[in-house]
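>>> how does the following fold in three dimensions:
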Amino acid sequence: MKTGHIVGSLVVLLTLTAATMLNGQSGQESAQVVARVSGADLTLTDLQQFESGKLLQAQYQFYLNERKALEELIDNRLLADEARKKGIPLDQLLETEVYKGVKDPTEDQLEVYYEGLDTQDSFESVHDDVLQHIRELRRNKARAAYVEQLRKQAAINIELMPPSAQVDIAKAYTHGATGAPVVLVEFADYQCPYCQKVNSQIQQLKKEYGDKLTVVFKDFPLPMHHGSEKAAEASRCAGEQGKFWEYHDVLFYSKLTELDALKEHARVLKLDGDRFDTCLDSGAEAAAVKKDFDEAKSLGLTGTPSFFVNGHFFSGVVDYAALKDIVNQQLNALAAQRPQISQR
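Numbering: from 1, shown residues only. Modelled structure (predicted):
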């Protein structure tokens with residue numbers, strides 16, 4: 001077994017998570033018959049298991065819409081609670097507290113805004129509409145700032161989870177403690193600018209959460225990035241000499257993936273140059289890279305970076321706050337599952 005590779009308990013963690021958390025379905029829902037073929041039942045579990053790649057993206061889009069609606073519901077609840085605390089109607093809270101500092105634009109400001117519009121209508125004919133539009137923009141900004149302060153004072157625990165899928169991490173390179181409560185799997189491309197940006201944030205995440213977090217890397221070299229597949233092979237060749245993560249970081253920081261640069265990185269990291277070159281030139285790691293790529297396609301992934309946190313999928317351009325949010329969500333969910341010890 002290679003140094004740094006995942007071992008048994010971590011595999012069990014993700015497998016159980018994916019198998020038992022199909023979008024929060026109960027056992028009865030998972031056993032629901034969705035079709036019958038020649039007298040044989042096909043259940044919702046069958047659909048999830050064998051066609052998950054075709055469903056994951058659609059489920060994720062639905063989750064994003066649900067999450068957006070949930071955030072709006074939380075905001076509205078916080079405002080309603082604040083109005084009750086002050087003993088006033090919500091409309092009065094908005095007018096006297098939230099919008100109290102909002103001023104209407106001056107006529108000069110309205111004219112400047114009008115000049116930027118692509119319209120043949122006269123300023124006089126659109127004056128009231130422009131005024132109302134800017135007024136709403138400023139009120140929405142004031143409301144968002146007020147709600148943000150309420151959120152900082154409130155205890156909010158989001159339990160709505162993204163969709164989940166089973167990811168094979170048995171032979172993947174990992175960084176972190178075996179058996180960590182949170183496992184973050186990243187499918188990435190070394191030439192992807194978003195992956196390059198998020199790498200430093202993942203580094204920060206590992207420092208902040210320590211033994212609570214294990215990071216797993218999976219290759220997903222996109223076809224439009226012609227050097228990314230060879231770069232993925234190169235990182236694995238470095239891994240054969242025990243320096244996968246060091247080489248992985250050099251690729252993201254340097255953004256140099258030409259063949260000569262790939263070999264030079266190996267020298268900078270003081271690897272056995274001849275052994276590295278033989279590995280890279282022979283394509284010894286090409287099959288392993290293709291295996292990750294094929295898995296990404298079977299999961300329905302369409303871009304990088306794509307993440308699975310304890311089996312739960314999310315993707316796209318994410319910032320550090322979003323990464324922390326989903327890690328904390330998993331830690332809170334696991335803490336809630338632990339049996340409570342009675343106090344005597």
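>>> ok, so what distance separates the residue nearest to L78 when sequence neighbours are not counted from K68?
Closest residue to L78 apart from its sequence neighbours, by Cβ to Cβ, 6 or more residues apart in numbering: L150 at 4.3 Å. Where C-beta positions appear, they are placed from N, C-alpha and C, glycine not excepted. Distance of L150 to K68, given as Cβ to Cβ, to the nearest Å: 18 Å.
>>> and if you look at L271?
L271 is 47 Å from K68, where distance means Cβ to Cβ.
>>> which residue, other than its chain neighbours, is closest to E229?
Using Cβ to Cβ, 6+ apart and skipping the chain neighbours, the partner closest in space to E229 is P221 (4.1 Å).
>>> so the one you found, which of the three states?
coil (DSSP: H, G, I helix; E, B strand; the rest coil).
>>> over to the one 3 residues further on?
Using three-state DSSP, the structure places M224 in coil.
>>> which stretches of the stretch 101-250 of the chain have low pLDDT?
The model of the stretch 101-250 of the chain has no residue with pLDDT under 70.
>>> what ranges does it have for its helices?
107-115, 123-153, 193-209, 228-239, 244-254 (DSSP state H, counting those that start in this stretch).
>>> can you say which of these is packed in most?
helix 228-239 (a mean of 25; mean count of other Cβ atoms under 10 Å).
>>> any idea which residue of this protein is furthest from its center?
Distance from the centre of the chain peaks at E124, with 47.3 Å (Cα atoms, centre = their mean).
>>> residues contacting Q149?
Contacts were defined as Cβ atoms under 8 Å, 6 or more residues apart in numbering; by that measure Q149 touches no other residue.
>>> quick check: next helix or strand after whichever strand or helix holds R36?
Following DSSP states H and E, one finds R36 within strand 33-37. Per DSSP H and E, strand 33-37 leads on to strand 40-43 as the next helix or strand towards the C-terminus.
>>> summarise which helices and strands the next helix or strand after that following strand is packed against.
Using DSSP H and E, the helix or strand that follows strand 40-43 in sequence is helix 44-50. Judged by 3 or more Cβ pairs under 8 Å, 6 or more residues apart in numbering; DSSP states H and E, the packing partners of helix 44-50 are helix 27-30, strand 33-37.
>>> ranking the ones you listed by mean pLDDT, which is last?
If the helices and strands packed on helix 44-50 are sorted by mean pLDDT, helix 27-30 sits at the bottom with a mean of 62.
>>> any idea how far apart the tips of stretch 86-101 sit?
End-to-end distance of stretch 86-101 (Cα to Cα, to the nearest Å): 19 Å.
>>> show me what counts as buried in that stretch.
Within stretch 86-101, the residues that qualify as buried are L93, L94, E97, V98, Y99, counting by 16 or more other Cβ atoms under 10 Å.
>>> check stretch 259-270 too.
Buried, per 16+ other Cβ under 10 Å, within stretch 259-270: A261, L262, K263, H265, A266.
>>> then stretch 185-193?
In terms of neighbour count (16+ other Cβ under 10 Å), stretch 185-193 has its buried residues at V185, E186, F187, A188, D189, Y190, Q191, C192.
>>> inside strands: which ones of those?
V185, E186, F187, A188 (DSSP state E).
>>> just those residues now: which is nearest G300?
Nearest to G300 among those: F187, at 11.4 Å, using Cβ to Cβ.
>>> may I ask which two of the buried residues of stretch 185-193 are separated the most?
It's V185 and Q191 that sit farthest apart of those, by Cβ to Cβ, at 19.8 Å.
>>> quick one: strands adjacent to the strand holding R36?
strand 40-43 (antiparallel) (DSSP bridges).
>>> for the partner strand, what is the distance to the chain centroid?
Computed by Cα atoms, centre = their mean, to the nearest Å, the chain-centroid distance of strand 40-43 equals 33 Å.
>>> domain map for this protein?
Domain assignment for the chain, taken from automatic domain parsing, gives 71-153, 173-337.
>>> pull the longest helix from the chain.
The longest helix of the chain (DSSP state H) is helix 52-86.
>>> tell me the angle that helix makes with helix 123-153.
Angle, helix 52-86 to helix 123-153, by axes from the mean of the first three to the mean of the last three Cα atoms, to 10 degrees: 90 degrees.
>>> for helix 52-86, buried residues please.
Applying 16+ other Cβ under 10 Å to helix 52-86 flags S52, L56, Q57, Q59, Y60, Y63, I74, D75, L78, L79, E82, A83 as buried.
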